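Undergrad: I need the structure of the sequence given here:
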Amino acid sequence: MDILSLVPHSLSMSFFIRARNKMTESFIACLVVLYGDQRGGLRIFRLRVPTAIVLLSALVFPLSFHASAATVVSETLGQVSDYVVTSREVQIATAIENILYPPKTPLKGLSEVRPGQAEMRNALTSVLLEVVVAMEAENFNVSHASEEELKEALSKVDRAVAGKVYWNELEVSAAEMKRITQRKLNAKSFLKFRTNSMSSVITDQEALVYYNKNRLKFGDMPFESFQDNIKAFLAQQQLEERIRSWFEVIKRKYKVRNYADGT
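TA: Below is the predicted model of the structure:
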């Protein structure tokens, strides 16, 4: 008899039971509980307990099970249009990001973020922007990474994650790794394309106006001593403002939702 058939259909939570029999061990079950949280998202919990206890809890005390006693495997953190972003995907994307685009101070091992950690919020914001930029790139059908670039990136990720416990815990399939890596490359390429198109040339007059408004910063040195630096600074400032405005536009266009901060 299928053990799932023993669980009443009237339960408000769905139970999935996976058992394994070893010669010297009792049956061990992996209980995964799925339920909608208050934000409308989905959380998945995993708890290893004897099968008999799992079945007894599901059949006799279905409402007394407390999900907080389990370990969070994944939860819905955001959404871009109809695409749902989970904490597990944020973990995978963040690890790949720091492998392909390492920080100035190299990390020892993989970049690890976990549900509930403060770092997860910043990582989520980055992944949501990556998803929305990749969608915009797909919409324009431009700036796709080449097969050679993808192959090289996947090879680099493969070498970096080999034998890492954190990566193995995430149980990342080859298809998932390829999809997320491809999306990341496309997003980076399109962002570079958009950045170049937004760049502007600062005139000498604009630089002089800034110089006169901020004379105290420059002391008695003449304008010519700072002219090029001022123009570079103003160009970068304008570019960052335009990119921020563009981000806001495409976030509204693709109806980005960040459940972590309630937006």
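Undergrad: quick one: Asn196 from Asn212, how far?
TA: 30 Å (CB to CB, to the nearest Å). In this view, the C-beta of every residue, glycine as well, is placed from N, C-alpha and C.
Undergrad: tell me the contacts of Lys164?
TA: Gly109, Leu110 (CB atoms under 8 Å, 6 or more residues apart in numbering).
Undergrad: doesn't Val84 belong to a strand?
TA: Yes. Judged by DSSP: H, G, I helix; E, B strand; the rest coil, Val84 forms part of a strand.
Undergrad: what about Asn212, which helix or strand?
TA: helix 204-213 (DSSP states H and E).
Undergrad: what packs against that helix?
TA: helix 227-253 (3 or more CB pairs under 8 Å, 6 or more residues apart in numbering; DSSP states H and E).
Undergrad: picking that back up, next, the angle from the helix holding Asn212 to helix 227-253.
TA: 100 degrees (axes from the mean of the first three to the mean of the last three CA atoms, to 10 degrees).
Undergrad: measure the residue lying farthest from the centre of the chain to Glu169 for me?
TA: The centre of the chain is farthest from one residue, Asp220, which by CA atoms, centre = their mean lies 48.8 Å away. Taking CB to CB as the measure, Asp220 and Glu169 are separated by 61 Å.
Undergrad: also Phe140?
TA: 37 Å.
Undergrad: now swap in Leu208 and tell me
TA: In terms of CB to CB, Leu208 sits 58 Å off from Glu169.
Undergrad: ranges for the strands of the protein?
TA: For the chain, the strands defined by DSSP state E occupy 14-20, 28-36, 42-50, 71-80, 83-86, 257-258.
Undergrad: ok, Met120 touching Ser126?
TA: No. The pair Met120 / Ser126 is not scored as a contact, 10.7 Å apart, by CB atoms under 8 Å.
Undergrad: more neighbours, those two?
TA: Neighbours per residue (other CB atoms under 10 Å) separate Met120 from Ser126, with Met120 holding more: 19 against 14.
Undergrad: and the more buried one, what does it touch?
TA: By CB under 8 Å, 6+ apart, the contact set of Met120 is Leu77, Ser87, Val90, Val113, Arg114, Ala260.
Undergrad: how much space between the last one and Val85?
TA: As judged by CB to CB, Ala260 and Val85 stand 10 Å apart.
Undergrad: give me the more crowded residue out of these two.
TA: Using other CB under 10 Å as the criterion, Ala260 and Val85 rank with Val85 on top: 23 against 20.
Undergrad: could you list every residue that touches that one?
TA: Val85 neighbours (CB under 8 Å, 6+ apart): Thr76, Leu77, Gly78, Gln79, Leu124, Val127, Leu128, Val131.
Undergrad: between the residues you listed, which is closest to Met177?
TA: Val127 (14.8 Å; CB to CB).
Undergrad: could you report the neighbour count for Ala95?
TA: 27.
Undergrad: export stretch 210-226 as CSV, just CAs?
TA: Extracted in CSV, the C-alpha atoms of stretch 210-226 (Å, rounded to 0.1, in the frame of the first residue of the first chain):
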residue,chain,number,x,y,z
TYR,A,210,30.5,72.7,-10.7
TYR,A,211,33.9,74.1,-10.0
ASN,A,212,32.5,77.5,-9.1
LYS,A,213,29.8,76.0,-6.9
ASN,A,214,32.4,74.0,-4.9
ARG,A,215,35.3,76.4,-4.7
LEU,A,216,36.0,75.5,-1.1
LYS,A,217,36.8,71.9,-2.2
PHE,A,218,39.5,73.0,-4.6
GLY,A,219,41.2,75.7,-2.7
ASP,A,220,43.4,78.1,-4.7
MET,A,221,44.1,75.7,-7.5
PRO,A,222,42.9,76.8,-10.9
PHE,A,223,40.0,75.2,-12.8
GLU,A,224,42.3,73.7,-15.4
SER,A,225,44.0,71.5,-12.7
PHE,A,226,40.7,69.7,-12.0
